[in-house]
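**Q** Sharing a sequence plus its predicted fold:
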Amino acid sequence: MSAEPLLSLKNIKVTFGGVRALKGVSFEVNAGEVHCLAGENGCGKSTLIKVITGVYKPEEGAEIVFDGKPVSAMTPTLAQSLGIQVIWQDLALFGEMSVAENIGFQLAVTGTYGMVDKHAIDEAAEKALARLGVRLDIHKPLKELPIAQRQIVAIARALVGEARLVFMDEPTASLTQSEADYLIEIVRNLSASGVAVVFVSHRLAEVLEISHRITILRDGSLVGVYPVEGMTQSRVTELMTGRNFDSAVIASDHDEAPVVLSVRNLTRHGEFRNVSFDLRRGETLGITGLLGAGRTELALTLFGMHRPHEGEILLEGQKVDFASNRDAIRAGVAYLSEDRLSLGLNQPQSIADNLVMASLDRILSHGLISPAKKRDVVSHWISALGVKIGTPDDPIRTLSGGNQQRVAIAKWLAISPKILILDAPTVGVDVGARAGIFEIVRKLAAEGLSIIIISDEPPEVYFNADRVIHMVEGRLEAVYDPRHTSLSELESAVYA
Amino acid sequence: MKTFIQTFNARFGADMAGPVVAFIAVMVIFGLAADNFLSMATFGSVAFQLPELGLLTLAMLLPLLTGGINLSITFAANLSGLAAAWVLQSHGGVDASAGVFALACVAALVTGGAAGALTGVAIAYTRAHPILVTLSMMIFLRGLGEFLTRGGDVSGFPDYVAPIGHGSLFGLPIPLLIFIVCVAVWHVLLTRSKLGFGLLMIGSNMEAADYSGLNTRKIVVLVYTLSGIMCAIAGIIMLARFNSVRVGHGESYLLITVLAAFLGGINPFGGFGRVLPVFVALIVLQLLSSGLNLMGANQHLATALWGVLMIVVMAARTIVSKFRIFTGKKV
């Protein structure tokens, strides 16, 4: 490590339409260092990355020094030529193109006389992969690679551009444990070869494993820069959120409460079979299991998107047969999709429109949508669920994951549901915001709402549900009571 | 200046700026270049020409907002006109009573609505691309119309039909009044009705709308049905204006309606857009062609200039949005 930092920023201020996104933040990273940038959604992480890559301009008084030389005005082109690369979560790769073409993409568009030099591209790709210590078939179309290998392709592409500083945005979010371990090894190789890596990740365990130092932001301000030695996950969470989270089992008995939902021998061929359970008023039921366990398929059937082949669903004792999810919604069943980006919310549309989308009938007046009623409903739920927004007319995609999820929950609460099914409610939501969402869930249960939480993370259902159903390959394997089971028992059952 | 822009955007919507700027530019340029431009004659000619293109544009608008398109609008208008003409001719021709004319209008509306509904059902249930479905419908309607008319005109209507195309009421042309009513209905439909809300939602993400419980198939069918009904109204106006029906009348308007919609700030991918900016954009297009006409320019040149105007507006929008990246907000 050189004595002088590779990149250093001081007094970075950015304001968007009156909202201070960064309030005088400083940041530095050394050559060959693995540095973690941590903070909750909306804390200013991505804004900071965009300042460093020249997308946003900081206000007067900012100082940016790269490799000992002051940079007066950073632009995306300048950042590129200095060797600053960002690998965004969506990777921005081309599925139809080969591995080599993806890696050598820059060469493809800057070839002599506008011609593509296939040979040079292959060579560059081989070189970049070799530097990472990876062997891949460079002529395979990218879409045939598993997501972990695509991640590697994205990193290799950054190396072709002579990267000296690489930002990785949630690189392990969609990877399994062994794939993530593999990626971490690659990051180590990268750092050993002198490239600085800045890691943005919600997975604190791996952050602590891989990083040398960690910079923590909260609400647009710097909390501090810490060496990872002696850091614990709970300490990091505390610093990120400014709060202390103690996990405790909340399970309690609801045997006296009336049964709201009864599922009897429900079967959909190829998805799940013979699933039976009861859900009582005010009860929270967790469903966990590995991918392919049939959790989401079961939820979609309860929500009327699919029809069961066998078995029955009883709602408050009455047998129901939903022809579509509209019937389910009318009957008071709400389903928060696991895929917030394409199914759960209409991302380009406004916060207000997303919020009222499922409950239009409640804001009608003389058969027409009443702007006044709409405004009231929207402001009621925004404040009831503590959603942080600019104005309700902003597109919902401008919100952080946690705030989007709150709006998605509000959308369903607006229909006054009897049953709320939350499918992977914390995907893409960070630690502090997760706790906030479960706080809301707990409050709703206390008010008498029956809730089903589906998650592939056993702790999430263990600490937030009254009972936990474990599904395996479409079967209901076992039901656990968190009060009489330890988390490790549940985890070993799920991962067995 | 900044506060003026903000006030304007808050009052009229940001998508109104383009058409209004174009409107002012056209008024100023032609006002200076042609001394008889700012006269009742200009506005009279605009007022009579506007409704046909305008009604067809309204018919195009709803499908565009759902992320689709309706290529069959002009022939749907022709076929609706034919249905009306057939009712009139089989009940006395030039001597047909007012009751028969009312029946003829119903026949036109039913024909347009049925063509639209058929299109909508095909799109909603096959999930085929609207370009393919409406292209097929366009060819089908054209072929059917040419077969029925043997490629000729159908004419000979009662005298009282002509004023619907040429007459005035309270000093305003009747076709213009009909168009303004239709604009108002479309405006309310888009801003206040469940259907309007739903069609904008499916325009930006059909699956998310479906998951939220919107009946996306029903919305698609209704959108194309309403589009067909609007074609029928255009067909009736055309029948009255030309005192005849001919398959192919107004054919050249097809892509101009798309142009007018985009000029009015409609998102080409669907999901966003309003009626009023499109209304202003239509007036701009008509003023442009009337102004050139007054200056003695060739009519075909006017069409070419419509294309140029569109390119200029697109370029201006890109520049403005580039500018906004640095000043705009993102949380």
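**A** Done, it's in. Numbering: from 1, shown residues only, chains lettered A, B, ... in the order given.
**Q** Mind giving me the packing neighbours of the host helix or strand of residue A:296?
**A** Following DSSP states H and E, one finds residue A:296 within helix A:295-302. Packing contacts for helix A:295-302, counted by 3 or more Cβ pairs under 8 Å, 6 or more residues apart in numbering or on different chains; DSSP states H and E, involve strand A:259-268, strand A:272-280, strand A:284-288, strand A:333-336, strand A:419-423, strand A:450-455. Backbone N, C-alpha and C define where each C-beta goes, glycine included.
**Q** residues in chain B within reach of chain A, list them.
**A** Counting by Cβ under 8 Å from any Cβ of the partner chain, chain B comes close to chain A at B:188, B:191-194, B:197-198, B:200-201, B:204-205, B:207-215, B:271-272, B:326, B:328-331.
**Q** Please name the nearest non-neighbouring residue to residue B:36.
**A** Excluding the flanking residues, the one nearest residue B:36 by Cβ to Cβ, 6 or more residues apart in numbering or on different chains is residue B:294, at 6.2 Å.
**Q** What ranges does the stretch 151-300 of chain B have for its strands?
**A** For the stretch 151-300 of chain B, strands defined by DSSP state E, counting those that start in this stretch occupy the ranges B:153-155, B:168-169, B:172-173, B:244-246.
**Q** List the buried residues in the first one.
**A** Pointing back at strand B:153-155 there. residue B:154 (16 or more other Cβ atoms under 10 Å in any protein chain shown).
**Q** in its sheet, what does it sit against?
**A** Take DSSP bridges as the rule and strand B:153-155 pairs in its sheet with strand B:244-246 (antiparallel).
**Q** Give me the neighbour count for the residue in the stretch 51-200 of chain B positioned nearest to chain A.
**A** Nearest residue of the stretch 51-200 of chain B to chain A: residue B:192, at 4.1 Å (Cβ to the nearest Cβ). Residue B:192 sits with 18 neighbouring residues when counted by other Cβ atoms under 10 Å in any protein chain shown.
**Q** Which residues are in contact with it?
**A** A:368, A:369, A:371 (Cβ atoms under 8 Å, 6 or more residues apart in numbering or on different chains).
**Q** if you compare the strands of the stretch 151-300 of chain B, which one is most tucked away?
**A** strand B:244-246 (a mean of 22; mean count of other Cβ atoms under 10 Å in any protein chain shown).
**Q** coming back round to it: now tabulate the helices and strands packed on helix A:295-302 in a markdown table and tack on mean neighbour count, distance to chain B and mean pLDDT.
**A** Putting the helices and strands packed on helix A:295-302 into a markdown table (neighbours: other Cβ atoms under 10 Å in any protein chain shown; distance: least, Cβ to the nearest Cβ, whole Å; pLDDT from 0 to 100) gives the following:
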| stretch | mean neighbour count | distance to chain B | mean pLDDT |
| --- | --- | --- | --- |
| strand A:259-268 | 18 | 18 | 96 |
| strand A:272-280 | 18 | 20 | 95 |
| strand A:284-288 | 27 | 19 | 95 |
| strand A:333-336 | 27 | 7 | 96 |
| strand A:419-423 | 25 | 11 | 96 |
| strand A:450-455 | 25 | 15 | 95 |
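**Q** sorry, back to before: restricting to the contacts of residue B:192, which residues neighbour chain B?
**A** A:368, A:369, A:371.
**Q** Might you report the residue contacts of the first one?
**A** Right, the one you point to is residue A:368. With contacts defined as Cβ under 8 Å, 6+ apart, residue A:368 is in contact with B:188, B:192, B:193.
**Q** For residue A:336, state which of those is nearest.
**A** Looking at the contacts of residue A:368 and their distance to residue A:336, the nearest is residue B:193, at 27.0 Å (Cβ to Cβ).
**Q** Pull the number of nearby residues for the closest one.
**A** Counted with other Cβ under 10 Å, residue B:193 comes out at 17.
**Q** ok, now the one 5 residues further on?
**A** Using other Cβ under 10 Å, residue B:198 is surrounded by 23 other residues.
**Q** if we can go back for a sec, what subset of the residues of chain B next to chain A is buried?
**A** Among those, the ones that count as buried by 16+ other Cβ under 10 Å are B:191-194, B:197-198, B:200-201, B:204-205, B:208-215, B:271-272, B:330-331.
**Q** Any regions of the stretch 201-331 of chain B where pLDDT drops low?
**A** For the stretch 201-331 of chain B, the stretches with pLDDT under 70 are B:323-331.
**Q** all helices of it, in order?
**A** Using DSSP state H, counting those that start in this stretch, the helices assigned to the stretch 201-331 of chain B run over residues B:206-211, B:216-242, B:253-263, B:275-294, B:299-327.
**Q** in the longest one, what's buried?
**A** Right, the one you point to is helix B:299-327. For helix B:299-327, by 16+ other Cβ under 10 Å, it's B:302, B:305, B:306, B:309, B:310, B:313.
**Q** isn't the third one right next to residue B:287, touching?
**A** No: with contacts counted by Cβ atoms under 8 Å, residue B:306 stays clear of residue B:287, the gap being 11.3 Å.
**Q** How much space separates residue B:138 from residue A:366?
**A** According to Cβ to Cβ, to the nearest Å, residue B:138 stands 38 Å off from residue A:366.
**Q** Among those two, which residue is more densely surrounded?
**A** Between residue B:138 and residue A:366, counted using other Cβ under 10 Å, the more crowded position is residue B:138 (21 against 6).
**Q** which ones are touching the residue lying closest to the more buried one once chain neighbours are set aside?
**A** Distances taken as Cβ to Cβ, 6+ apart place residue B:72 nearest to residue B:138, at 4.0 Å, with adjacent residues excluded. By Cβ under 8 Å, 6+ apart, the contact set of residue B:72 is B:115, B:119, B:134, B:135, B:137, B:138, B:141, B:231.
**Q** pretty sure the third one belongs to a helix, no?
**A** If I follow you right, that is residue B:134. Yes: counting by DSSP: H, G, I helix; E, B strand; the rest coil, residue B:134 is found in a helix.
**Q** how much space is there between residue A:299 and chain B?
**A** Remark: distance between residue A:299 and chain B (Cβ to the nearest Cβ, to the nearest Å) = 12 Å.
**Q** Next one, pLDDT for the residue nearest the centre of chain A please.
**A** Geometric centre of chain A, nearest residue: residue A:428, 1.0 Å, by Cα atoms, centre = their mean. Looking at residue A:428, its pLDDT is 77.
**Q** Equivalent analysis for the one 3 residues further on, please.
**A** For residue A:431, the pLDDT comes out at 70.
**Q** got it, and residue A:63?
**A** 89.
**Q** One more: residue A:173?
**A** With respect to pLDDT, residue A:173 has a value of 67.
**Q** what sits against residue A:409?
**A** A:336, A:385, A:420, A:422, A:425, A:437, A:440.
**Q** State the number of residues packed around residue A:371.
**A** Counted with other Cβ under 10 Å, residue A:371 comes out at 13.
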